[in-house]
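**Student:** What would the 3D arrangement of this be:
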Amino acid sequence: MAWTLLVIAGLFEVVWAYAMKLSMGFSHRGYAVLTIVAMLVSFGLLSLAMRQLPLGTAYTVWTGIGAVGAFLAGVMILGEAVTPLRLVAAAMIVGGILLMKLASPS
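**Tutor:** This next block holds a predicted model:
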């Protein structure tokens, strides 16, 4: 269950990062509210997952999901550049997430 909560927390991290971008510096109220709500949900689920998972594993996986998810949202929705180096960086993050999962005792 902790891993499921952690993945959902990571997905909410992507939501808040994307909403923050759309809020234009918190000048668009709806996106600003969405950012804050998604942050609270993300942090709350992360804290629940940390009841069973080690800090280093939980935090690394959470930020990795957020980083790769934000990268994908930027590329797929916002039309940000896809370069070979950015793809390698994203692949390395995914590899790190998988290694943390394999190394975790839970």
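**Student:** all contacts plus neighbour counts: C-alpha atoms, from now on.
**Tutor:** OK.
**Student:** hang on, Ile73 packs against Ala17?
**Tutor:** Quick fix: residue 73 reads Ala, not Ile. No: with contacts counted by C-alpha atoms under 8 Å, Ala73 stays clear of Ala17, the gap being 9.5 Å.
**Student:** List the contacts of the residue most central in space within the chain.
**Tutor:** Centroid-nearest residue in the chain: Gly66, 1.6 Å away (criterion: C-alpha atoms, centre = their mean). Neighbouring residues of Gly66 by C-alpha atoms under 8 Å, 6 or more residues apart in numbering: 10-14.
**Student:** what's the distance between it and Ile8?
**Tutor:** 10 Å (C-alpha to C-alpha, to the nearest Å).
**Student:** ok, which stretches of the chain are helices?
**Tutor:** Ranges of helices in the chain, per DSSP state H, are 2-22, 29-49, 55-76, 84-103.
**Student:** So which of these is the most surrounded?
**Tutor:** Comparing the helices of the chain by mean neighbour count (mean count of other C-alpha atoms under 10 Å), helix 2-22 ranks first with a mean of 21.
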